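[1] Predicted model and sequence follow; I will ask about them next.
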Amino acid sequence: MARPKPAAKAPKVRKAQLTHTVGDFEAAFWPDESPVDNAVVMTMGALHEGHAALIRAARKEVGPEGRVAVTVFVNPLQFAPSEDLDRYPRSLAADVRLAEEHGADVVFAPLPEEVYPNGTPQVRLSAGPMGERFEGATRPGHFDGVLTVVAKLLHITDPDYAFFGEKDAQQLAIIQRMVADLDFDVEVIGVPTIRETDGLALSSRNRYLSETERTQALALSRALFAGRDVAAKGPAAVREAAAQVLAEADGIDLDYLALIDPHDFVEAPDDFQGEAVLAVAAKVGSTRLIDNVRLQVR
Ligand code: PAF
């Protein structure tokens, strides 16, 4: 008689604790003195599969006994008055569910008064020249606002690891540079972009797109893939192939298409060789989208 198979070990079911104040967060994230690794995933909420991948990467890094925090905070400092701060999607209950399903222990969702108790901060971090190009040229001050909140959240959460998506390639590069230049004691880890099967990079802003706009938006990833396909032919071929796709596309109001040296986040010279980022930003309808791919240029 066949022996009964041992029951599969049930995955650890986590209940993520939702906290709103720094004190409650600290009590939940540091319940005792046990020396476990811990990680933070910073978000503005409206979590999707891209964030889930960040949370899973964080859980994998710290192991089952480590601690993972997800912050949910729509940071007013990084939005210009003309941008979508007020209509930025908010879905906290669903965010907590997604965070716990993918391995978070604590969700920290503070109000602006908790993060900025003295009102709008007078002293902010500056992203310097790295924050003035590409996204920074169209969104002046954006990266100063990002760095200021990331620095604050790193102080509050005090993690061993912080995970950010490669989809925001310039943000990731600037945060990595802040951590290196200002001696933050944290390892910043980038996680590859998650895409729909048709190529669209996941973004909380995709929900603003109409059906037609969503189809038009596919030209962005198509352009990036076309550039990546000819990476072995050098920078000029990459730029040309990607630009051609965008030139033939409908409904794309292009902001920039750039082949970037990821180290300083500057436009790659014509003789560039090595790992590069091909990045695009465009408005589709009234929604501004960004996307990028990493490629080996020869
Ligand atoms: O990438 C984001 O969602 C935000 O810029 C971040 C890093 C959470 C800071 O507000």
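    Received the coordinates, thanks. Numbering: from 1, shown residues only.
[2] So which residues on the stretch 51-200 of the chain come close to the ligand?
    75, 78, 146, 149-150, 168, 171 (C-beta under 6 Å from any ligand atom). For the C-beta atoms, the positions are set from N, CA and C on the backbone; glycine is no exception.
[3] Among the residues you listed, which lie within helices?
    The helices, defined by DSSP state H, take in 146, 149-150, 171 from these.
[4] Show me the shaky parts of the chain.
    Applying pLDDT under 70 to the chain flags residues 1-13.
[5] top helix in it by residue count?
    Determined from DSSP H, the single longest helix within the chain is helix 211-229.
[6] Roughly how far does residue 207 sit from residue 48?
    9 Å (C-beta to C-beta, to the nearest Å).
[7] Then residue 272?
    According to C-beta to C-beta, residue 272 stands 33 Å off from residue 48.
[8] circling back: and the ones in helices among the residues of the stretch 51-200 of the chain next to the ligand as CSV, adding neighbour count?
    Shown next, in CSV, are these (neighbours: other C-beta atoms under 10 Å):
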residue, neighbour count
146, 25
149, 22
150, 26
171, 23
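[9] Present those residues as JSON lines; the columns should include distance to residue 266.
    Shown next, in JSON lines, are these (distance: C-beta to C-beta, whole Å):
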{"residue": "146", "distance to residue 266": "19"}
{"residue": "149", "distance to residue 266": "25"}
{"residue": "150", "distance to residue 266": "22"}
{"residue": "171", "distance to residue 266": "16"}
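[10] Pull the most distant pair out of those residues.
    149 and 171 (11.4 Å; C-beta to C-beta).
[11] after the helix or strand harbouring residue 245, next one along is what?
    Using DSSP states H and E, the element containing residue 245 is helix 235-248. Remark: after helix 235-248, the chain's next helix or strand is strand 252-261, criterion DSSP H and E.
[12] That following strand pairs with which strands, parallel or anti?
    Next to strand 252-261 in the sheet, as set by DSSP bridges, lie strand 266-267 (antiparallel), strand 274-284 (antiparallel).
[13] The nearest residue to residue 217 once chain neighbours are set aside: what's it in contact with?
    Nearest residue to residue 217 in three dimensions, chain neighbours excluded: residue 284, at 4.6 Å (C-beta to C-beta, 6 or more residues apart in numbering). With contact set as C-beta atoms under 8 Å, 6 or more residues apart in numbering, residue 284 has these partners: 209, 213, 216-217, 220, 251-253.
[14] Quick check: beta-bridge partners of residue 284?
    For residue 284, the beta-bridge partners are residue 252, residue 287 (DSSP bridges).
[15] Other residues contacting stretch 70-77?
    16, 40-45, 47, 51, 55, 85, 88, 90, 92, 95, 99, 104, 106-110, 112, 115-116, 120-121, 124, 144-146, 148-149, 153, 157.
[16] Just the buried ones out of those, please.
    Buried by 16 or more other C-beta atoms under 10 Å: 16, 40-45, 47, 51, 55, 88, 95, 99, 104, 106-110, 115-116, 144-146, 148-149, 153, 157, out of the contacts of stretch 70-77.
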